[in-house]
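Q: sequence and predicted structure below; questions after.
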Amino acid sequence: MASGLKPADAPAEAWAKDFADWVADRAREGAIDDLVHYRERAPAATRAHPADDHFLPFFVAMGAAGEGTKGERIHASIEYAAMAMDAYEFS
């Protein structure tokens, strides 16, 4: 592809899957401190999110659920080999 993007249905890059799975595990555990410090603690964090802007809505949704929240990944997919399209339910 001329744009450098892989096809939408290309297999997921290992680093993208590792990051998405790390987030899902921490959300399920309610490990808020790890999630807040994801740039230092998550595998491939800066590769998955070179800037925070696309990951910040995760924190807005998590915070709206209130103190002590845990998250369950209710949809998991990766498009273009690196773009996680995960959806979460917080309670």
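A: Now that the structure is in, tell me what you want to look at. Numbering: from 1, shown residues only.
Q: could I get the full set of strands for this structure?
A: Using DSSP state E, the strands of the chain run over residues 71-75, 78-79, 83-84, 87-90.
Q: contacts for the last one?
A: Taking C-beta atoms under 8 Å, 6 or more residues apart in numbering as the criterion, the residues outside strand 87-90 that touch it are 27, 58, 61-62, 64-65, 69-75. The way it works is simple: take the backbone N, C-alpha and C, and place the C-beta from them, glycine included.
Q: and the end-to-end length of stretch 28-41?
A: 16 Å (C-alpha to C-alpha, to the nearest Å).
Q: over to stretch 34-48?
A: End-to-end distance for stretch 34-48, by C-alpha to C-alpha: 16 Å.
Q: hmm, back to that, of the contacts of strand 87-90, grab the buried ones for ChimeraX.
A: Here is the ChimeraX selection string for the buried members of those, based on 16 or more other C-beta atoms under 10 Å:
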select :27,58,62,70,71,73
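Q: between the contacts of strand 87-90, which sits nearest Lys6?
A: His75 (20.6 Å; C-beta to C-beta).
Q: ok, what's across the strand from that closest one?
A: Ala87 (DSSP bridges).
Q: is it in contact with Ala84, as I believe?
A: No: checked against C-beta atoms under 8 Å, the pair His75 and Ala84 is beyond contact range at 10.1 Å.
Q: pretty sure Asp34 sits against Arg26.
A: Yes: counting by C-beta under 8 Å, Arg26 is a contact partner of Asp34 at 4.8 Å.
Q: tell me which of those two has more neighbours.
A: Using other C-beta atoms under 10 Å, the more surrounded residue of Asp34 and Arg26 is Arg26, with 20 against 17.
Q: need the contact list for the more buried one.
A: Asp34, Leu35, Tyr38.
Q: check contacts around the last one.
A: Right, the one you point to is Tyr38. Contacts of Tyr38 by C-beta under 8 Å, 6+ apart are Trp22, Val23, Arg26, Ala45, His49, Phe55.
Q: now for those: which two are most distant?
A: Applying C-beta to C-beta across those, the maximum distance is between Arg26 and His49, 14.5 Å.
Q: brilliant, that's me finished.
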